[in-house]
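K.L.:
Structure of the sequence below:
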Amino acid sequence: MSTSAMPLSPLIHLIDDDEAVRASLALLIGTVGLRVQGWADAQQFMAGFDREAIGAIVLDVRMPGISGLTVLQRLMEQGVDQPVIMLTGHGTVEMCRRAFKTGAAEFLEKPVDDEALLEALHNAVRQHVHSRERHQAGREARERYAQLSAREREVLGLITSGLTNKDIGRALDVSPRTVETHRANLFAKLQVPSLAQLIRQYAALADEADRPPAP
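P.N.:
Residues are numbered from 1 along each chain as shown. This next block holds a predicted model:
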């Protein structure tokens with residue numbers, strides 16, 4: 001009997017130059033079923049971590065060589081989408097402000113409260129899962145939109161503008177039956193079950209296609 005592989009649990013990257021801190025936090029995080037990969041060196045982390053994995057990053061602010069805030073800024077500049085939780089033993093209001101402005105998901109002071117860290121991690125993982133799902137749905141929508149003919153894209157734009165089949169027929173100088181055929185093809189190609197979902201998923205793409213290119 002064959003068995004399917006179990007999906008991997010979310011991966012938490014833990015970057016802190018203090019080995020004792022890494023060990024204690026890794027033990028804590030592991031108790032709730034999350035995988036942990038520890039890093040003592042921020043530059044090695046930046047060069048080698050798995051950007052595709054679902055999870056989050058726990059990052060110490062004060063480290064030798066390169067600060068956590070600098071690492072955070074580079075992660076954001078590179079488009080890394082894993083949420084980042086910053087830790088510090090010497091926090092200031094300005095440091096906290098900078099972290100959130102740069103893109104941190106949370107900012108916690110050491111010694112870290114166990115429940116606060118675990119709650120922050122659960123929130124971060126949920127946020128990452130939802131972000132990936134939205135990204136995947138958007139990519140699939142664009143792929144389906146690319147399969148439409150030029151006339152189908154015209155019809156889609158008019159539908160999302162609120163025009164009826166008769167209005168669309170007059171605008172394109174075609175019969176309502178022809179519009180109905182295009183409409184049916186749109187629903188089939190775009191894989192949407194209702195007009196509401198068609199508008200919700202594709203109105204922005206239709207508007208983007210109608211927008212003139214920037215000079």
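
K.L.:
Can you show me the CA trace of stretch 189-206 as CSV?
P.N.:
This file holds the C-alpha atoms of stretch 189-206, laid out as CSV (Å, rounded to 0.1, in the frame of the first residue of the first chain):
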residue,chain,number,x,y,z
LYS,A,189,-11.9,29.9,-19.6
LEU,A,190,-11.7,32.0,-16.4
GLN,A,191,-13.2,29.2,-14.4
VAL,A,192,-15.6,31.4,-12.4
PRO,A,193,-19.1,30.2,-11.3
SER,A,194,-20.8,33.6,-11.0
LEU,A,195,-20.8,37.1,-12.2
ALA,A,196,-19.8,38.4,-8.8
GLN,A,197,-16.7,36.3,-8.8
LEU,A,198,-15.9,37.3,-12.4
ILE,A,199,-15.9,40.9,-11.4
ARG,A,200,-14.1,40.4,-8.1
GLN,A,201,-11.2,38.4,-9.7
TYR,A,202,-10.9,40.1,-13.1
ALA,A,203,-12.1,43.7,-13.0
ALA,A,204,-8.7,44.9,-12.0
LEU,A,205,-7.0,43.0,-14.9
ALA,A,206,-9.6,44.3,-17.4
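
K.L.:
Tell me the buried residues in it?
P.N.:
Using 16 or more other C-beta atoms under 10 Å as the burial criterion, the residues of stretch 189-206 that qualify are 190, 192, 198-199, 201-202, 205-206. Quick note: C-beta positions are derived from backbone N, CA and C, even for glycine.

K.L.:
Doesn't Ala137 belong to a helix?
P.N.:
Yes: counting by DSSP: H, G, I helix; E, B strand; the rest coil, Ala137 is part of a helix.

K.L.:
what's the burial count for Tyr41?
P.N.:
Slight slip there: residue 41 is Asp, not Tyr. Asp41: 15 surrounding residues under other C-beta atoms under 10 Å.
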